[in-house]
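Peer 1: need coordinates for the following:
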Amino acid sequence: MTALSKSGAIATTHSSSPSGSSPGRRVRFGIALALALLAAATLMGAAACGNDNSGPSGDFVSGGQDADVSPDSGVGADAIDDESSVIVPGSQDGGDNTANLASLNRLGGEPYRPDLKDTSGFINTEPFTLDDLEGQVILIDFWTYTCINCIRTLPFLKDWHEKYADDGLVIVGVHTPEFEFEKVKANVEQAAAEFGIAYRIVQDNDFGTWRNYENRFWPAKYLIDRDGFIRYTHFGEGDYDETETIIRELLAENGGSVTLEDANFLPTREFDDAAFAVDGPEMSVTRELYAGTGRNYSALQFGGGGQPPYVRHEQYYSRQGLAMEYADPGVHENHFIYLSGLWSNGPESLTHARSTEGYEDYVAIKFYGTSAHIVLGLPESGEPYEVRVTIADAPIVADHAGEDVKWDEHGNSYLLVDEDRLYRVARTPEYGGYELKLSSNSDTFEFFAFTFGVFSNAP
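Peer 2: Residues are numbered from 1 along each chain as shown. Got it, this is the predicted structure:
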């Protein structure tokens, strides 16, 4: 079982409560209970897809995010296991009923696909409905542009579009946002252009299509045959060869020129085996870490599926939407966010609440993995700002740096925040624990979430 810190306390100040039960006492109890459940879940091994878990996730084939609260909130949580299935008679969700790939011919029990609903915008296409695509093979992909799990599936989706669009495959990227800024069409259009996405995208800002499909995951794929029946589903990352094989079978079934032989699958990356050898949550790959009160208060009050809250400061839970001074306890545990300086806690994010000159205010984490990413936001003015990043209180060296890290003339490593998006901070040669800090002199420094991965980065 995982305990709290050696002192038994959470970082910094206390608040009193007239009822006699202090917020601090409730926070300590909630975190202690959730950590116990977290340890138990990790020791039991991989959990079912849809559980927020601190075991191996992120870069794992499983990956995936699960909106385990109301879809209205548009928030997500890490999932461990990928789930995929061929839909067969008697199965409405693909659940436990699977079929061999060689016996895909529809037998009459597959569910008919729901249509798009309450769409907010169309990208790379004129407005359409799925009825307009009848007679073609359709791949519905639920995604959102800051989700690292979704981002890692894009090379495969783009490959399938390039190879099979002329043979009757239509990919529909249903963009269901996790954060408010992901509802802005210009942001989605910019992300689509930067990712090189040429297939059609539908904005699902109100979660209408998400609800129509009773979906819970980013990413999630629904493969629909020429008659409109869902023949295959997959939640999370991975199983790309399997998915492409079924795409080819449905296209062949549709009378196209695609055959079942000589498939040219896109290569996949290997994982760092060390990530699978850890025992217990202390050194397991770090779970996704959310900065906003929506996620944190939900985890504290309702258990968050056995997860403790993400921000490891007692005062964070005493007030919402106000600037508060935080003190870093100095010792950091895996799976938590630590703060130093003046920060304001909002529903989706934490924002640096003052201008400084010496980078004295910061956010710190101790993460385990081979990569780390952070979702950062721009102010309404759109003015860019810099975020200095360090590992072990030193500038990030080149062989540990993510793709978005830059260096100034003094050798300081930093991120230039000029878009609302995910930034790639660290990419380490081997799996391990790393002390990461981010600081900015700007009072517009706003961060939403951290994500991590375990792909092998060995040369």
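Peer 1: low-confidence ranges, the stretch 101-250 of the chain, go.
Peer 2: Scanning the stretch 101-250 of the chain for pLDDT under 70 picks out the ranges 101-108.
Peer 1: redo that, cut-off 50
Peer 2: For the stretch 101-250 of the chain, residues meeting the criterion pLDDT under 50 lie at 101-103.
Peer 1: can you show me the helices along the chain?
Peer 2: 23-44, 148-164, 185-195, 208-212, 240-253, 293-302 (DSSP state H).
Peer 1: for those, which one sits closest to Phe128?
Peer 2: Across these, Phe128 has its closest neighbour in helix 208-212 (12.7 Å, C-beta to C-beta). Every residue, glycine included, has its C-beta placed from N, CA and C.
Peer 1: and the gap between the residue nearest to Ile337 when sequence neighbours are not counted and Thr356?
Peer 2: Spatial nearest neighbour of Ile337, excluding adjacent residues (C-beta to C-beta, 6 or more residues apart in numbering): Val311 at 4.8 Å. The gap separating Val311 from Thr356 is 20 Å, by C-beta to C-beta, to the nearest Å.
Peer 1: settle it for me: which of those two has more neighbours?
Peer 2: Val311 (29 against 17; other C-beta atoms under 10 Å).
Peer 1: quick one, what contacts that one?
Peer 2: Neighbouring residues of Val311 by C-beta atoms under 8 Å, 6 or more residues apart in numbering: Ala291, Asn296, Phe336, Ile337, Leu339, Asn345, Leu350.
Peer 1: how close does it sit to Val397?
Peer 2: 29 Å.
Peer 1: make a ChimeraX selection of the buried ones in the contacts of Val311.
Peer 2: Buried residues within the contacts of Val311, by 16 or more other C-beta atoms under 10 Å, are selected in ChimeraX with:
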select :291,296,336,337,339,345,350
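Peer 1: I'd like the contacts of Val311 as CSV, with distance to Leu415 and pLDDT appended.
Peer 2: Below are those laid out as CSV (distance: C-beta to C-beta, whole Å; pLDDT from 0 to 100):
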residue, distance to Leu415, pLDDT
Ala291, 16, 98
Asn296, 24, 95
Phe336, 21, 98
Ile337, 17, 98
Leu339, 18, 98
Asn345, 22, 97
Leu350, 16, 98
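Peer 1: out of the contacts of Val311, name the ones that lie in strands.
Peer 2: Leu339, Asn345, Leu350 (DSSP state E).
Peer 1: which one of those residues is nearest to Leu116?
Peer 2: For those, the nearest to Leu116 is Leu350 (34.7 Å; C-beta to C-beta).
Peer 1: for Glu314, see how far away the closest one is.
Peer 2: Distance from Leu350 to Glu314, by C-beta to C-beta: 15 Å.
Peer 1: what residues sit buried inside stretch 210-218?
Peer 2: So for stretch 210-218, counting by 16+ other C-beta under 10 Å, buried means Trp210, Arg211, Asn212, Tyr213, Asn215, Arg216, Phe217, Trp218.
Peer 1: nearest to Glu249 among those?
Peer 2: Closest to Glu249, out of all of the buried residues of stretch 210-218 and judged by C-beta to C-beta, is Tyr213, at 22.1 Å.
Peer 1: so that closest one is in contact with Pro114, correct?
Peer 2: Yes: applying C-beta atoms under 8 Å as the test, Tyr213 and Pro114 come out as touching, 5.6 Å apart.
Peer 1: what's the local residue count around Leu322?
Peer 2: Using other C-beta under 10 Å: Leu322 sits among 11 other residues.
Peer 1: where do the strands sit along the stretch 201-350 of the chain?
Peer 2: Ranges of strands in the stretch 201-350 of the chain, per DSSP state E, counting those that start in this stretch, are 217-218, 220-224, 230-235, 289-290, 323-326, 338-345, 350-352.
Peer 1: nearest to Thr268, out of those strands?
Peer 2: It is, among those and with distance given as C-beta to C-beta, strand 230-235, at 14.2 Å.
Peer 1: and the angle from the closest one to strand 220-224?
Peer 2: 170 degrees (axes from the mean of the first three to the mean of the last three C-alpha atoms, to 10 degrees).
Peer 1: where does the residue nearest to Leu422 when sequence neighbours are not counted fall, phi/psi-wise?
Peer 2: In space, Leu422 comes closest to Thr146 once its chain neighbours are excluded; the distance is 4.5 Å by C-beta to C-beta, 6+ apart. Backbone torsions of Thr146, given as degrees, to the nearest 10, read phi -100, psi 0.
Peer 1: how near is Thr146 to Trp218?
Peer 2: Distance of Thr146 to Trp218, given as C-beta to C-beta: 10 Å.
Peer 1: got any residues that touch both of the two?
Peer 2: Listed as contacting both Thr146 and Trp218 by C-beta under 8 Å, 6+ apart are Glu178.
Peer 1: which residue lies nearest the spatial centre of the chain?
Peer 2: Cys147 (4.0 Å; C-alpha atoms, centre = their mean).
Peer 1: now it: how far from Val188?
Peer 2: Cys147 is 13 Å from Val188, by C-beta to C-beta.
Peer 1: quick check: neighbours shared by the two?
Peer 2: In contact with both Cys147 and Val188: no residue, using C-beta under 8 Å, 6+ apart.
Peer 1: ok, Phe271 - how many residues close by?
Peer 2: Using other C-beta under 10 Å: Phe271 sits among 18 other residues.
Peer 1: surely it touches Gly453?
Peer 2: No: under the criterion of C-beta under 8 Å, Phe271 makes no contact with Gly453, lying 9.0 Å away.
Peer 1: for burial, what's the neighbour tally of Ala193?
Peer 2: Going by other C-beta under 10 Å, the residues that sit close to Ala193 add up to 12.
Peer 1: residues touching it, list them.
Peer 2: Taking C-beta under 8 Å, 6+ apart, one finds nothing in contact with Ala193.
Peer 1: mind running it again at 10 Å?
Peer 2: Going by C-beta atoms under 10 Å, 6 or more residues apart in numbering, Ala193 touches Ile123, Asn124.
Peer 1: what of Glu180?
Peer 2: Gly74, Asn205, Pro347, Glu348, Ser349, Gly377, Asp420, Phe448.
Peer 1: show me which pair in these is furthest apart.
Peer 2: Across the contacts of Glu180 (C-beta to C-beta), the longest gap, 18.5 Å, separates Asn205 and Ser349.
Peer 1: for Ser318, which of the helices of the chain is the nearest?
Peer 2: When the helices of the chain are compared (using C-beta to C-beta), the closest one is helix 23-44, at 4.8 Å.
Peer 1: I'd like the average pLDDT over that closest one.
Peer 2: Average pLDDT, helix 23-44: 45.
Peer 1: begin at 279 from here
Peer 2: Sure, I'll start numbering at 279, so the last one becomes helix 301-322.
Peer 1: correct me, but Pro673 touches Lys715?
Peer 2: No: between Pro673 and Lys715 there is no contact under C-beta atoms under 10 Å: 11.0 Å.
Peer 1: hey, what's in contact with both of those two?
Peer 2: Arg666, Val667.
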